[in-house]
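Engineer: need a 3D model of the sequence below.
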Amino acid sequence: MFDALASLVRRYPRWILALWGLLFLIALPFASRVGEVLTAQPDSVPGSVAAEVRGLLDEAFERQNRFSVVMVTHTGAAPVGSEAFEERYTELRERLRDLSAVATIQDYRNTDTLSLSAPDGSFTVALLGLSATERSVAKADVAAIEAVLDEAGGAALRFSLAGGPATTRELEELGERDARRAELYGLPLSLTILAVAFGAVVAAGLPIIAALTTVNVTFALLFGLGQLLPFAVFTQSIVTMLGLATSIDYALLIVNRFREELRRGQAPRDAAATATLTAGRTVAFSGFTVVIALGALLIPPLLFIRSIGVGAMVVIFVGVSVALTVLPAALALLGHNVNRLQLSRREPGLRSRNFWLRRAGAVLRRPVVWAVGGTLLLVVLSAPITQMQVADLGARGLSADTDTRQVQASLEELELAGLSEPFDIVVDFQGVDGGFFNPASVRDISQLTRALGGLEPIGSVLSPTATDSVPRLFMFQYYARRDVALASDLAPLVERTVSRDSRYVLVQAYPQTTLTPRQVDALIADIRTVIGDLGVDARIGGSYVSGREWTSTLYRTFPLAIGLVYLATFVLLGLAFRSLLIPLKSVVLNTLTVAAAFGVVTLVFQYGVGASLIGLGSGIGYIDNSVPVFIFAIVFGLSMDYEVFLVARVFEAHERGLSDADAITEAMGATGGVITSAAAT
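Structural biologist: Numbers count the residues shown, from 1 in each chain. All right, here's what the predicted structure looks like:
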């Protein structure tokens, strides 16, 4: 295969570039639409308790909205309750009610069990239930609500919208913006580093061209695949990051090898063919090892994670294809012009070689000291992973200037951080005469409501018995029969919390603050204890429970994913280098590398060590549940990538008859600058 590629590069470089240029132009309009197939909403775990509860709420209850958003109204000079505010808020409320997108409005005017306004009247909160039953429609409904808020806003009123599809929409917009920023700022920085590494502007431009081609063609392919399955919003950022990183890595290796062959006296087309046969083979093999590592993302039975794995694999495949065809073809035509626009008088390609030759000599003089010292450093950095906590970051993972974070801050001030993500407890009265409308059932729900309200993280509870507007004696009389309850002032509460057949009752517990993973686990255990003590048949759902089930499913399969990656990597390296010790050493060292990365991430993001240096201020308290999986796949793949660069040159030197020391020295001299430049970019 590589002989054939080398022959094509030598004979038809212009045809190769013309075909890729045509492909790039065709891809551009589709690449710009990749955001249409991205979603920020993770899929639920099939068969999970939270999914079962959600299904019951959708099917059995009258006034359950599958999607809802939180609206915070900031009052400005006219506080809540003032005549000026009430007039403008009434007008806004009527306009929202006229929208077909809005099914229900729960605010301070119709809710007496939740404190939905700030004590000083500076803001008030409303929960808008959407009429949509599909996520795509819900996002369109959010856009319609935002249009109304934009018209109503001004100096007197200011609005923030978050939760559910509103947060999903904001995350998707942020994902697209971040991907554009990665290209806008990342490419000039990479070009600067490459110019220093290569010592010539023309040579430095080739990896950038390869990266742009790779990313845009990949986005076009993902847009096509997105017609069959949705991709997670993070796919765009990860594809951009991996596309830039690996394309530059592979280009560095091939361009450097081409320049070596030119220095040895080969003609440009012959040098390009040799670079394809040698460095190209290493690139293909390296790409294969990265793809194997990314295969870890395909193991969990979660489409959200698998879609990112598919996107990452596609970009590696495209990046390798570009590196094996476009780059050698361009080099064959450029020839010695690759060294044009030199930045120093020294010969390009030799600027860092002597430095790495000296480093190799220093390491080889004391290999045990360097091996033990490096290993101990990685072990020390890995230590914090024993305390790592993982959960869905939600709003806490966003910057303070986003609507989602601003809404979250307002809710926390009211001790209603869980307003848009309560614990949904569905009580089943199957077999009970009258279902909920039985005196014993009403007492059970009343006791459950009081017991849940006494749990420390819970700020308030919504249930059929949680009302102050009706005296308690009347409430029990109204709940004697369903028709009587629906004819009373309790009708809206009954429609929301009691199923149509009266079999199920919904009790919602709202946390006062955003909960950490350990707090969620402890609270779920406490709720189960309360349910067990009362002897009622109940299931617990809600976004917190769904998130913990999602995390549990992800990490239940993570060890299998790691084991398969280790096995495949071991076999691949063993076949490539005809050795058992090299793949064993690679797996061990790359595991330590990944563990050290986990440790550093835990220190910074969970505990806040050095977090202010990257604009976080303080630690978040836990790590996003998908981050460790991504770190393993990407860091393991890229560190293996760099190792292959080095070991392949050692192997090649051995085949020429060099000793161990000479082969290692030559390999470090040839690839040390490539690897460090690749890592820096």
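Engineer: residues contacting the closest residue in space to Leu92 that isn't next to it in sequence?
Structural biologist: For Leu92, the nearest residue in space outside its immediate sequence neighbours is Ala152; the separation is 4.8 Å by C-beta to C-beta, 6 or more residues apart in numbering. For every residue, glycine as well, the C-beta is placed using N, CA and C. Contacts were defined as C-beta atoms under 8 Å, 6 or more residues apart in numbering; by that measure Ala152 touches 88, 91-92, 95, 159.
Engineer: buried ones in stretch 543-553?
Structural biologist: Using 16 or more other C-beta atoms under 10 Å as the test for burial, stretch 543-553 gives 543-551, 553.
Engineer: and these, which of them are in helices?
Structural biologist: Here DSSP state H is the test, and the buried residues of stretch 543-553 give 543-551, 553 as lying in helices.
Engineer: which residues in the stretch 551-681 of the chain form strands?
Structural biologist: Using DSSP state E, counting those that start in this stretch, the strands of the stretch 551-681 of the chain run over 623-624.
Engineer: picking up where we left off before, need the buried residues of stretch 543-553 in a markdown table (columns: distance to Val80 and pLDDT).
Structural biologist: Formatted as a markdown table, the buried residues of stretch 543-553 follow (distance: C-beta to C-beta, whole Å; pLDDT from 0 to 100):
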| residue | distance to Val80 | pLDDT |
| --- | --- | --- |
| Ser543 | 28 | 83 |
| Tyr544 | 29 | 86 |
| Val545 | 33 | 88 |
| Ser546 | 33 | 86 |
| Gly547 | 33 | 83 |
| Arg548 | 36 | 85 |
| Glu549 | 38 | 85 |
| Trp550 | 37 | 84 |
| Thr551 | 38 | 84 |
| Thr553 | 43 | 85 |
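Engineer: which one of these is nearest to Gly164?
Structural biologist: The shortest gap between Gly164 and any of those belongs to Ser543, at 9.1 Å (C-beta to C-beta).
Engineer: how about the nearest residue to that closest one, chain neighbours excluded?
Structural biologist: Leaving aside its sequence neighbours, Ser543 is closest to Glu421 (3.9 Å, by C-beta to C-beta, 6+ apart).
Engineer: tally of neighbours for that neighbour?
Structural biologist: Using other C-beta atoms under 10 Å, Glu421 has 24 neighbouring residues.
Engineer: who's in contact with it?
Structural biologist: For Glu421, the contacting residues are 163, 394, 542-544, taking C-beta under 8 Å, 6+ apart as the criterion.
Engineer: low-scoring pLDDT stretches of the stretch 1-150 of the chain, where are they?
Structural biologist: When the per-residue scores of the stretch 1-150 of the chain are filtered using pLDDT under 70, the ranges that remain are 40-44, 63-66, 112-114, 136.
Engineer: all strands of it, in order?
Structural biologist: According to DSSP E, counting those that start in this stretch, the stretch 1-150 of the chain carries its strands in the segments 38-39, 68-74, 102-106, 123-130.
Engineer: got the phi/psi numbers for the residue nearest to Ser502 when sequence neighbours are not counted?
Structural biologist: The spatial neighbour of Ser502 that comes closest, neighbours along the chain excluded (C-beta to C-beta, 6+ apart), is Gly435 at 3.4 Å. Summarising the backbone geometry of Gly435 under the convention degrees, to the nearest 10, its torsions are phi 60, psi -120.
Engineer: likewise for the one 5 residues further on?
Structural biologist: Backbone dihedrals for Ala440, given as degrees, to the nearest 10, come out at phi -70, psi -40.
Engineer: return the per-residue confidence for it.
Structural biologist: At Ala440, the model reports a pLDDT of 91.
Engineer: for Ile385, list the residues it contacts.
Structural biologist: By C-beta under 8 Å, 6+ apart, the neighbours of Ile385 are 595, 598-599, 602.
Engineer: now flag whichever of those residues is closest to Val239.
Structural biologist: Within the contacts of Ile385, proximity to Val239 (C-beta to C-beta) peaks at Phe598, which comes in at 22.9 Å.
Engineer: pull the number of nearby residues for that closest one.
Structural biologist: Phe598 has 21 nearby residues by other C-beta under 10 Å.
Engineer: what do you get for Ala440?
Structural biologist: Using other C-beta under 10 Å, Ala440 has 11 other residues around it.
Engineer: and if you look at Phe317?
Structural biologist: Other residues lying near Phe317 total 17 when counted by other C-beta under 10 Å.
Engineer: next: Ser659.
Structural biologist: Neighbouring residues of Ser659 were enumerated by other C-beta under 10 Å; the total is 10.
Engineer: same check on Val326?
Structural biologist: When neighbours are defined as other C-beta under 10 Å, Val326 has 27 of them.
Engineer: now do the closest residue to it other than its chain neighbours against Thr214, distance only.
Structural biologist: When the adjacent residues along the chain are set aside, Val326 lies closest to Trp20, with 5.1 Å between them (C-beta to C-beta, 6+ apart). Between Trp20 and Thr214 the distance, using C-beta to C-beta, to the nearest Å, works out to 10 Å.
Engineer: and these two? Which one has more around it.
Structural biologist: Relative neighbour count places Thr214 above the other of Trp20 and Thr214, with 31 against 19, counting by other C-beta under 10 Å.
Engineer: surely that one is in a helix?
Structural biologist: Yes. Inclusion of Thr214 in a helix is indicated when DSSP: H, G, I helix; E, B strand; the rest coil is applied.
Engineer: tell me who's in contact with it.
Structural biologist: Under the criterion of C-beta under 8 Å, 6+ apart, the neighbours of Thr214 are 243, 246-247, 315, 318-319, 322.
Engineer: buried subset of those residues, written for PyMOL?
Structural biologist: A single PyMOL command suffices to select whichever of the contacts of Thr214 are buried according to 16+ other C-beta under 10 Å:
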select buried, resi 243+246+247+315+318+319+322
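Engineer: adding pLDDT and secondary structure, write the contacts of Thr214 out as a markdown table.
Structural biologist: Listed next are the contacts of Thr214 as a markdown table, based on pLDDT from 0 to 100; DSSP: H, G, I helix; E, B strand; the rest coil:
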| residue | pLDDT | secondary structure |
| --- | --- | --- |
| Gly243 | 85 | helix |
| Thr246 | 85 | helix |
| Ser247 | 85 | helix |
| Val315 | 92 | helix |
| Val318 | 93 | helix |
| Gly319 | 91 | helix |
| Val322 | 92 | helix |
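Engineer: from the contacts of Thr214, which is closest to Ile16?
Structural biologist: Within the set of the contacts of Thr214, Val322 lies nearest Ile16; the separation is 10.5 Å, counting by C-beta to C-beta.
Engineer: just confirm the closest one contacts Ala210, I think it does.
Structural biologist: Yes. Taking C-beta atoms under 8 Å as the contact criterion, Val322 and Ala210 are neighbours in contact, 5.1 Å apart.
Engineer: overlap in contacts of those two?
Structural biologist: Common contacts of Val322 and Ala210, defined by C-beta under 8 Å, 6+ apart, comprise Ser247.
Engineer: that older thread, out of the contacts of Ala152, which sit inside helices?
Structural biologist: Assignment to helices by DSSP H places the following of the contacts of Ala152 there: 88, 91-92, 95.
Engineer: ok, so of those, who is nearest Ser677?
Structural biologist: Checking those against Ser677 with C-beta to C-beta, the nearest one is Leu92 at 56.4 Å.
Engineer: do I have it right that the closest one meets Leu157?
Structural biologist: Yes. Leu92 lies in contact with Leu157 (C-beta under 8 Å); the separation is 7.4 Å.
Engineer: common neighbours of the two, please.
Structural biologist: Looking at what touches both Leu92 and Leu157 (by C-beta under 8 Å, 6+ apart), the common residues are Thr73.
Engineer: so for Ala271, which of the strands of the stretch 1-150 of the chain sits nearest?
Structural biologist: Proximity to Ala271 (C-beta to C-beta) singles out strand 38-39 among the strands of the stretch 1-150 of the chain, at 41.9 Å.
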